[in-house]
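Enquirer: dropping the sequence and predicted coords here.
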Amino acid sequence: MQKSRSITCKGCWCQMHVLMPIRGPLSIPFRLAGIRPSRMNPNICNMCESKFSRVRGAKQIVVPVSILFADIRGYTTASELSDFPQIAHLLSGFYENCASVIWDRDGIINKLIGDAILAIFNFPITLSDHAKQAVLAGLDLQQRCLERRLSIEGAEQQQISIGVGVGIHTGNVSIGEIGEFCKDFTAIGEVVNVASRLQGAAKPEEVLVTEDVYRQVEDLFPRAEFRACQLKGIQKPVNAYALHV
């Protein structure tokens with residue numbers, strides 16, 4: 001069940017201990033000033049992303065986070081065999097599933113990258129168990145997709161089965177504003193790269209996590225499958241564990 005929406009920005013409270021109204025009568029003057037709920041998470045305000053330098057006093061800061069990447073498996077085949085309205089409907093359903101489970105666990109959807117998403121846990125809403133929340137969000141996503149049976153009708157009325165792969169890593173990243181001419185709020189660093197590559201190695205209906213993540217949820221998944229992954233662009237094999245709903 002989806003959590004109720006916050007009246008004040010959780011990000012502003014966690015980062016500055018400021019009560020910033022984003023809903024209700026008290027939010028009206030702030031909305032007139034351009035402050036409203038963020039598209040990355042409806043429980044934070046757009047100032048947390050668009051005014052990062054002003055709020056934090058720096059363009060980037062280093063913070064511990066958990067990064068979740070998820071993408072649709074079979075998307076290329078589906079796009080070749082289906083028309084644009086069907087593909088748009090498929091992506092819309094995938095994004096909706098992602099948003100619901102990530103927001104319920106206080107993460108943010110930082111990027112929509114075609115048939116993939118990048119989510120961040122522990123900023124700007126701080127979480128003492130952000131790795132666990134990222135894992136549970138990934139498993140919730142897989143459960144949602146299984147229940148709603150993501151599929152698409154291709155040529156000759158054939159049903160194309162669609163799966164989702166999820167990769168998660170945790171550690172320190174540089175987060176904040178990137179670029180001058182075209183500013184962007186995002187996270188960069190090895191943790192992001194590993195999570196992205198791990199998602200690429202994940203099988204459909206699987207959440208593939210690094211050993212750093214697994215050690216924080218080991219008690220919940222004592223029989224997880226160990227896997228040494230040789231990831232593209234990463235010299236040494238990455239120890240990972242496969243989790244399933």
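Expert: Okay, I see it. This is a predicted model, so every value here is computed, not measured.
Enquirer: ok, and for the longest helix anywhere in the chain, which residues are buried?
Expert: The residue-count maximum for a helix in the chain (DSSP state H) belongs to helix 84-104. For helix 84-104, burial by neighbour count (16 or more other CB atoms under 10 Å) applies to 86, 87, 90, 91, 93, 94, 97, 98, 99, 101, 102, 103. All C-beta atoms are positioned from the backbone trio N, CA, C, and that covers glycine.
Enquirer: give me the low-pLDDT residue ranges for this structure?
Expert: The chain contains residues with pLDDT under 70 at 1-3, 76-82, 149-161, 181-182.
Enquirer: show me what contacts the most centrally placed residue in it?
Expert: Nearest to the mean C-alpha position of the chain, counting by CA atoms, centre = their mean, stands residue 119 at 1.9 Å. Residue 119 is in contact with 67, 68, 69, 70, 98, 102, 107, 108, 109, 110, 134, 137, counting by CB atoms under 8 Å, 6 or more residues apart in numbering.
Enquirer: residue contacts, residue 58?
Expert: Residue 58 touches residue 176, counting by CB under 8 Å, 6+ apart.
Enquirer: quick one: which helix or strand includes it?
Expert: Using DSSP states H and E, residue 58 falls within no helix or strand.
Enquirer: the strands in the protein, which residues?
Expert: Read by DSSP state E, the chain holds these strands, from start to end of the chain: 60-73, 108-113, 116-121, 151-153, 159-161, 163-178, 184-188, 206-210, 225-229, 238-243.
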